[in-house]
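In: sequence and computational prediction follow.
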Amino acid sequence: MMKETFAELGLGKELLAELAVLGYEEPTPIQKAAIVPLMEGRDLLGQAATGTGKTAAFALPILQRIGRTKAVANKPFALVLVPTRELAVQVSEAFHKYSKGLGISVVPIYGGQEFRRQIIGLDRGAHIVVATPGRALDHLRRETLDLSGLQTLVLDEADEMLDMGFAEDLELIMEATPKTRQTALFSATLPPRIASIAERHLRNPSRILIPRDKGTKGSVPKVRQTAYIVPRSHKIAALGRVLDLESPKLALIFCRTRIEVDELADRLVGRGYRVEALHGGMSQVERDRVMKKARGAMVDLVVATDVAARGIDIDHLTHVVNFDVPSSPDSYVHRIGRTGRAGREGVAITLAEPRELRLLRNIESMTKQKIGVSTVPTPLDVKARRLDITKGAIREILLAGELDGFRVVVETLAAEFDPMEIAAAAVRMAHEATAGESANEDDVHIPAIESFSRPQSSQRGPRQDFAPRKFEGKGSGKKPRSWDTNSGPPGGGAGGGERGGERSRESNPRDMVRIYISGGTRMGIRPADIVGAIANEAQVNPRGIGDIEIAEAFSIVELPEADVDHVIEALRGATLRGRKVKVHRDKGIRS
Ligand code: AMP
């Protein structure tokens with residue numbers, strides 16, 4: 001029988017209690033598949049993108065096993081390797097979140113942070129170390145990290161780590177761990193390089209793979225599907241605008257956890273909607289009350305978890321909104337199937353963070369249906385839409401006639417004012433009375449984020465989210481070639497064909513610019529050091545980095561113009577291979 005709950009998966013009561021506090025109602029598919037084998041100590045190869053719940057899929061078994069073996073923290077029990085500093089922080093926060101009160105210590109170590117602080121953390125004893133490969137290796141070399149007692153090694157986002165040039169580091173780190181360790185490898189994609197690592201380092205792994213070209217269970221309903229790519233911090237403002245633009249009769253908005261449901265419902269009430277929350281923490285009586293109100297059209301928005309919304313069937317439900325990308329294509333299909341009932345057109349809207357794009361693409365390929373990506377409406381769009389609504393209402397009144405009682409007011413005012421002005425004033429009054437004013441938070445600037453499935457625009461730059469990045473001139477020792485203005489920026493993948501033509505002379509934030517770094521092969525600098533430093537110190541997405549050319553005494557790196565100043569500033573205070581470097585815009589000859 002498929003295990004459906006966290007308790008059935010065999011997690012201990014402390015962890016179950018923590019998950020309940022966090023409002024997790026049921027395990028995601030990757031958790032259902034991975035937790036049992038990992039708790040049994042088996043190796044695992046998991047194909048999972050961000051947003052599937054993969055962090056908990058490996059973190060919960062590790063915590064459970066540490067608790068069970070009563071491991072002491074003199075040597076790390078588990079090491080989780082991640083590609084970036086951001087992820088190191090995120091993953092160690094997840095461990096903290098799940099292990100409150102368990103007395104388990106987690107230490108993140110990543111480039112850019114002082115060694116001393118990390119050494120103190122490691123000396124105090126760590127059950128779990130979450131590290132970027134470069135820094136983990138540095139600690140191994142300094143003998144401040146001892147992996148001789150390691151029980152579990154997790155390679156998280158393995159494809160990203162290889163893309164960043166960490167392959168060699170990973171091998172060296174694995175050599176420093178016992179052969180008997182358990183290894184779990186998670187990767188969004190499984191190119192041959194990953195398969196090769198898996199083959200060499202995993203023993204009879206349990207495999208959790210996204211099947212190729214296999215449709216999802218059940219048929220996908222005919223629903224207009226749109227996604228908006230928005231950073232987390234702007235999600236509520238974006239949702240507000242999208243709702244204002246779409247003016248749903250009734251929308252069902254999905255969140256991942258009970259806590260998120262309650263929080264979002266509160267925020268939306270504050271924006272003047274009639275909102276009800278629906279989740280598994282509510283009694284049946286409360287849930288029935290919400291459903292009754294929804295059916296009776298006394299609610300505009302129902303904010304719900306998957307579990308609570310299962311089986312909801314309301315004819316006038318016009319919109320389904322995924323506040324986050326759902327953790328699996330099946331869940332997406334279930335959710336959007338709540339709308340488009342009784343032959344009516346339904347609308348499904350998904351708010352995705354940039355890092356969840358891959359998950360969205362998986363859903364597209366599994367459902368074989370396109371999810372159009374739109375830019376979040378601007379406050380002006382919303383204003384125009386509100387005016388449209390007012391205009392429609394006025395038109396209805398004009399068609400209905402029966403204005404005699406009001407004509408006299410116009411006639412009196414017309415002695416003093418122009419009739420057009422009088423009409424405009426009346427429209428304004430009607431508009432303000434019905435549409436109200438948008439919340440202040442709507443006026444924030446929500447950055448537009450280009451995405452994989454948008455048609456290529458002429459100003460499209462190198463930030464192809466899924467484009468392969470290339471490193472050129474690695475350690476060649478030669479003088480790097482000069483900048484070729486016609487070659488266009490590197491890193492272009494699908495659809496980048498229009499590049500290489502005319503490039504605007506004006507500075508475009510997406511243009512590639514080169515920076516000079518005063519260190520090269522002589523200092524032992526490799527592409528991974530540079531990428532790691534840029535990602536960690538400047539917190540810049542490494543996928544935007546173009547060519548990296550490393551000569552004997554210096555390196556040249558191509559970056560989008562928008563990131564350059566910030567990266568230079570950040571790298572100036574940083575060290576590469578333990579040495580300070582000079583960084584400035586490259587003044588090399590331009591042909
Ligand atoms: P991840 O794919 O690990 O980055 O997780 C994505 C998000 O899903 C995180 O915000 C988690 O806190 C959340 N999450 C993970 N597992 C569950 C679950 N079973 N129920 C609800 N939320 C979850």
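Out: Happy to help now that I have it.
In: so who does residue 525 touch?
Out: 517, 519, 550, 555, 576, 577 (Cβ atoms under 8 Å, 6 or more residues apart in numbering). C-beta here means a position set from N, CA and C on the backbone, and glycine is covered the same way.
In: pull the number of nearby residues for the closest residue to residue 267 other than its chain neighbours.
Out: For residue 267, ignoring the flanking residues on the chain, the nearest one in space by Cβ to Cβ, 6 or more residues apart in numbering is residue 236 at 5.5 Å. Residue 236 has 21 neighbours, counted by other Cβ atoms under 10 Å.
In: tell me which element residue 236 is part of?
Out: If you go by DSSP states H and E, residue 236 is part of helix 235-246.
In: does that helix reach the ligand?
Out: No - Helix 235-246 is not in contact with the ligand by Cβ under 6 Å from any ligand atom; minimum separation 12.5 Å.
In: now do whichever helix or strand comes after that helix: everything it contacts.
Out: In the C-terminal direction, the helix or strand that comes right after helix 235-246 (DSSP H and E) is strand 251-254. Outside strand 251-254, the residues within contact range by Cβ under 8 Å, 6+ apart are 239, 243, 264, 268, 300-306, 309, 312, 317-324, 326, 335, 338-339.
In: in helices only, show me the residues you listed.
Out: If you go by DSSP state H, the contacts of strand 251-254 have 239, 243, 264, 268, 306, 309, 335 in helices.
In: would you mind measuring from the closest residue to the second one other than its chain neighbours to residue 235?
Out: Right, the one you point to is residue 243. Ranked by Cβ to Cβ, 6+ apart and with sequence neighbours excluded, the top spatial neighbour of residue 243 is residue 251, at 6.7 Å. According to Cβ to Cβ, to the nearest Å, residue 251 stands 15 Å off from residue 235.
In: out of those two, which sits in the more crowded spot?
Out: Each of residue 251 and residue 235 has its neighbours counted (other Cβ under 10 Å); residue 251 has more, 26 against 19.
In: give me the subset of the contacts of residue 525 that also touch the ligand.
Out: Okay, of the contacts of residue 525, nothing touches the ligand (Cβ under 6 Å from any ligand atom).
In: can you add neighbour count, pLDDT and secondary structure and give those back as CSV?
Out: Conversion of the contacts of residue 525 to CSV gives the following (neighbours: other Cβ atoms under 10 Å; pLDDT from 0 to 100; DSSP: H, G, I helix; E, B strand; the rest coil):
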residue, neighbour count, pLDDT, secondary structure
517, 25, 90, strand
519, 24, 87, coil
550, 29, 79, strand
555, 29, 87, strand
576, 23, 84, strand
577, 14, 80, coil
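In: and residue 76, helix, strand or coil?
Out: coil (DSSP: H, G, I helix; E, B strand; the rest coil).
In: so it touches residue 153, yeah?
Out: No - Residue 76 is beyond contact range of residue 153, at 9.9 Å (criterion: Cβ atoms under 8 Å).
In: first to last residue in stretch 152-170, what's the distance?
Out: Using Cα to Cα, to the nearest Å, the end-to-end distance of stretch 152-170 comes to 15 Å.
In: narrow the ones in helices among the contacts of strand 251-254 to those that are buried.
Out: 239, 243, 264, 268, 306, 309, 335 (16 or more other Cβ atoms under 10 Å).
In: run the chain-centre distance for the strand or helix carrying residue 534.
Out: Counting by DSSP H and E, the element that carries residue 534 is helix 527-537. Relative to its chain's centre, helix 527-537 lies at 21 Å (Cα atoms, centre = their mean, to the nearest Å).
In: with stretch 223-232 instead?
Out: Relative to its parent chain, stretch 223-232 has a centroid offset of 12 Å by Cα atoms, centre = their mean.
In: what comes into contact with that stretch?
Out: 238, 242, 320, 336, 339-340, 345-354, 357, 360, 369-376, 446-447, 449, 451.
In: what is the neighbour count of the residue in the stretch 201-350 of the chain that the ligand sits nearest to?
Out: Closest to the ligand within the stretch 201-350 of the chain is residue 256: 3.7 Å, counting by Cβ to the nearest ligand atom. For residue 256, the neighbour count with other Cβ under 10 Å is 22.
In: next one: residue 269
Out: Residue 269: 15 neighbours (other Cβ under 10 Å).
In: what's the closest non-adjacent residue to the residue most central in space within the chain?
Out: Nearest residue to the geometric centre of the chain (Cα atoms, centre = their mean): residue 355, 3.1 Å. Excluding its sequence neighbours, the residue lying closest to residue 355 (Cβ to Cβ, 6+ apart) is residue 50, at 4.9 Å.
In: tell me the contacts of the one you found?
Out: 157, 188, 355, 356, 358, 359.
In: ok, the residues you listed vs residue 125, which is closest?
Out: Ranked by distance to residue 125 (Cβ to Cβ), those are led by residue 157 at 26.9 Å.
In: now the phi/psi pair for the nearest residue to that closest one once chain neighbours are set aside, please.
Out: With sequence-adjacent residues excluded and distances taken as Cβ to Cβ, 6+ apart, residue 157 is closest to residue 83, at 5.2 Å. With angles defined as degrees, to the nearest 10, residue 83 sits at phi -70, psi -30.
In: thank you, goodbye.
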